[in-house]
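Participant: one predicted model, sequence on top.
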Amino acid sequence: MEDQAKILDEDTLSFRPLSKVRWLSQHQAVNAVLRNYTVLDEYCKREFRDSKSQRGDEDLIN
């Protein structure tokens with residue numbers, strides 16, 4: 001994901017480990033996902049395209 005963040009000129013944010021206080025851990029996890037949304041979106045799209053092209057499903061990519 002760091003490479004994708006650099007390409008998009010976004011900050012690279014880390015995901016914190018789980019906390020013993022469940023609500024605090026969930027808040028940090030959701031906050032990290034929201035702050036990394038653009039990078040996560042592009043990363044998932046790239047992974048999807050790469051996996052489809054490796055299997056020969058290019059017609060399903062678009």
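Facilitator: Arrived safely.
Participant: worst-scoring helix or strand of the protein, pLDDT-wise?
Facilitator: helix 2-7 (a mean of 76; mean pLDDT, DSSP states H and E).
Participant: list the buried residues for it?
Facilitator: For helix 2-7, burial by neighbour count (16 or more other Cβ atoms under 10 Å) applies to 4, 5. Glycine gets a C-beta too; all of them are placed from N, C-alpha and C.
Participant: what helices or strands is it leaning on?
Facilitator: Counting contacts by 3 or more Cβ pairs under 8 Å, 6 or more residues apart in numbering; DSSP states H and E, helix 2-7 packs against helix 37-55.
Participant: so for the helix it packs on, mean pLDDT?
Facilitator: If you average the pLDDT over helix 37-55, you get 87.
Participant: show me how far it is from its chain's centre.
Facilitator: Put simply, helix 37-55 sits 9 Å off its chain's centre (Cα atoms, centre = their mean, to the nearest Å).
Participant: elements contacting that helix?
Facilitator: The helices and strands touching helix 37-55, judged by 3+ Cβ pairs under 8 Å, 6+ apart, are helix 2-7.
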